[in-house]
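Q: what's the 3D shape of this:
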Amino acid sequence: AAAAAAAAPLKGKGAAAIDASNGLTLEERIERSRARRKARKEKAKAERSPDRLRSPICCVLGHVDTGKTSLLDKIRRTNVQGGEAGGITQQIGATYFPMSRLRTQTDKINKDLLLDYKIPGLLVVDTPGHESFSNLRTRGSNLCDIAVLVVDIMHGLEPQTLESLQLLRRSKTPFVVALNKVDRIYGWEPHKFSPLRDTLAKQKSYSVSEFETRTRSTIAAFQEQGLNAALYYENDDFKRTVSLVPTSAITGEGIPDLLMLITQLTQQMMGHRIMFTPWVQCSVLEVKAIDGLGTTIDVCLTNGEIHEGDEIVVCGMNGAIVTTVRALLTPPPEREIRVKADYQRNKVVTAAMGIKISANDLEKAVAGTQLLVVHPDDEIEDLKAEVQRDLESIMGGFATDTTGVHVQASTLGSLEALLEYLRSIKPPVPVASVAIGPVHRRDVMQCAAMLERAPEYAIMLCFDVKVTPEAEAEAVSAGVRFFTADIIYHLTDAFERHLAEAKALKRADAASEVAFPAVLKIVDVFNMKSPIVVGVQVEEGALRKGTPVCCTVGLKADGTTPLVLELGRVTSIQRNHTDVDKVGPEDPPVAIKIEGDPSLANITYGRHFDKKNKIYSRLTRRRIDLLKAEFRDDLSREEWICVKKLKGVLGIE
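A: Model (predicted):
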């Protein structure tokens, strides 16, 4: 009996217990565990049947403001868009539409019952639309079986629409186009939730004419991208020609067509892909703290089943997290998992479905990684290593700098989006540290270390996170600045303003000290003593008002170091008695006035220097460093060549 008890597999630890008794090393146990998992996966794959399909996963992509979320709102008849910060989708939201709902929505267009419904429902993932959400969108499209690319019929293919298009083509994801906002066509008469051809037949001729013109324009735009496109009911080849479904998120027109087409295409062309398999495939979409539930994870269950009480392994910021499912929560049908609602508690959930999972120790879980369910035969260490590989690949792209800002966000997706945006700015914004979740005192202390190195980067960019009172107090005490926002674009706009202001202040401080490179030839003299007034021709570089100038008058006693004669600053530049601010080699000669402090009052033309001497900008090591730091883009290539020459002429190390 004791031997039997020792051999009995324990939940999540069975394999380790059995193999440990056989004296196997951890590596050997992991190897055996992987072999068992591979065998189970192959068995699950072999058990798939065309008679049991899972719900297809559909992603909605497109340019900002094309009406993606509003379109889903109309299908759900809810208002998620109004709850979005700024009306922009900040995280990926998943909505489940049961077959009963799809059947009701498509009744008007499926009057002859030509479409036989085989799928149990449809899981729709609404991906963010703004440009710097490409990481979230990439994650969303990897999940999906079919996509809806929303295009504004009034604007055609906009920049981000093209980006989404490239994303879909790279991932070889089948897609249809919702040609949205047909209600904006002049004179359009709405017919709520009407199939497109029915509503089109009731429009005035000039509205139909504009509709046809704009549709042809969209088809031409797709052709420019190397794709054939056609209205879905005129499409003879769904595999090679993109289907366009005109819709309105305001009136619901065309929505029956869109749902029917998605159902039809997934059943007829993707049956093999959407066959249900018991092998669990699950991705963490977001990590959120929910009142009354604690920290939860929103997941997309693509295949298999998850049970209440299952032991799961998820990727964590500080190492893999092994925990037990306390509650499996799903929103009522046709509601998003990100929207606060009365969640339904489930003993078991079958794919495909968006689920909110409540469990212990999820605070450091990382969105955008896989979730694994522990089988009695599994070696926990193997699963932990597998989920952490996700984080290593993602964090590998987060190259941090020794000098830079601190970036903090509520989710990995938001963090990725912020970092990608900061990298895309010219010049890129350096990032010294990152974190996910609420801002604590330790985060502020980490950022405060930047005050000594680069005060302008002692900044915390915080997206959609709470700042604890202790963190706020520490920031005030240390002199660290917070930038917080619920919309990434407000956050980055505020930071760009800060950078511009900081740069302007630094340039203003540097302007009184800096010297721009110039080499001047004396062509005339008007006043020999302070203030010295001479006529000059700029030979190299560019002369600006305020430039300190000098001459070289031989060598120092060591016989190699140039002897530099300080002359003062150029306080006036004139041509024909008219003030000039800047003069280059291509300009005619000018008269310049040179004034210095009292110690230079005795410098006299003819005694200390004359026409044989060139006049140079008085560069120093410090002034060259200022040029590089604050005025690099202000200088032409020729001026930088002049800087290099003056370093040699003036003996600057």
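
Q: do you know the pLDDT at E131?
A: Among the per-residue scores, E131 holds a pLDDT of 38.

Q: and if you look at the one 10 residues further on?
A: Note for S141: predicted pLDDT of 47.

Q: do the same with the one 5 residues further on
A: According to the prediction, I146 has pLDDT 91.

Q: my read: it touches T266, true?
A: Yes. Under the contact definition of Cβ atoms under 8 Å, I146 touches T266, with a separation of 5.7 Å. Every C-beta, even on glycine, is put in place using the N, C-alpha and C of the backbone.

Q: and for P428, nearest residue in space, chain neighbours not counted?
A: Taking Cβ to Cβ, 6 or more residues apart in numbering, and ignoring the residues beside it in sequence, P428 has L422 as its nearest neighbour in space, at 6.5 Å.

Q: burial of that neighbour, as a residue count?
A: 19 (other Cβ atoms under 10 Å).

Q: can you mark which positions in stretch 222-230 are buried?
A: Residues 222, 229-230 are the ones in stretch 222-230 that count as buried (16 or more other Cβ atoms under 10 Å).

Q: any idea which helix or strand comes after the longest helix along the chain?
A: The helix of greatest length in the chain, counted in residues with DSSP state H as the criterion, is given as helix 488-511. Tracing the chain past helix 488-511, the next element assigned as helix or strand by DSSP states H and E is strand 518-527.

Q: can you give the strand pairings for that following strand, parallel or anti for each?
A: In its sheet, strand 518-527 lies beside strand 532-541 (antiparallel), strand 614-617 (antiparallel), with partners assigned from DSSP bridges.

Q: give me the distance between the last one and the centre of its chain.
A: By that I understand strand 614-617. 49 Å (Cα atoms, centre = their mean, to the nearest Å).

Q: where in the stretch 1-150 of the chain is pLDDT low?
A: Residue ranges of the stretch 1-150 of the chain with pLDDT under 70: 1-22, 64, 66, 77-93, 112-113, 126-142.

Q: swap in 90 and give it another go.
A: For the stretch 1-150 of the chain, residues meeting the criterion pLDDT under 90 lie at 1-26, 47, 51, 57-118, 120-145, 147.

Q: which stretches in it count as strands?
A: Ranges of strands in the stretch 1-150 of the chain, per DSSP state E, counting those that start in this stretch, are 57-62, 93-98, 121-126, 146-152.

Q: to G584, which of those strands lies closest?
A: Evaluated with Cβ to Cβ, the strands of the stretch 1-150 of the chain place strand 146-152 nearest to G584, the distance being 48.6 Å.

Q: after that closest one comes which helix or strand?
A: Toward the C-terminus, strand 146-152 is succeeded by helix 159-170 as the next helix or strand (DSSP H and E).

Q: tell me what the helix or strand following that following helix is packed against?
A: Elements were assigned by DSSP H and E; along the chain past helix 159-170, the next helix or strand is strand 175-180. The helices and strands touching strand 175-180, judged by 3 or more Cβ pairs under 8 Å, 6 or more residues apart in numbering; DSSP states H and E, are strand 146-152, helix 205-224, strand 241-246, helix 255-269.

Q: winner for burial among those?
A: Using mean count of other Cβ atoms under 10 Å, the stretch among the helices and strands packed on strand 175-180 with the largest mean neighbour count is strand 146-152, at a mean of 25.

Q: could you list the residues in contact with that one?
A: The set of residues external to strand 146-152 that reach it, using Cβ atoms under 8 Å, 6 or more residues apart in numbering, is 56-63, 65-68, 71, 141, 157-158, 161, 164-165, 168, 173-181, 218, 258, 262, 265-266, 270.
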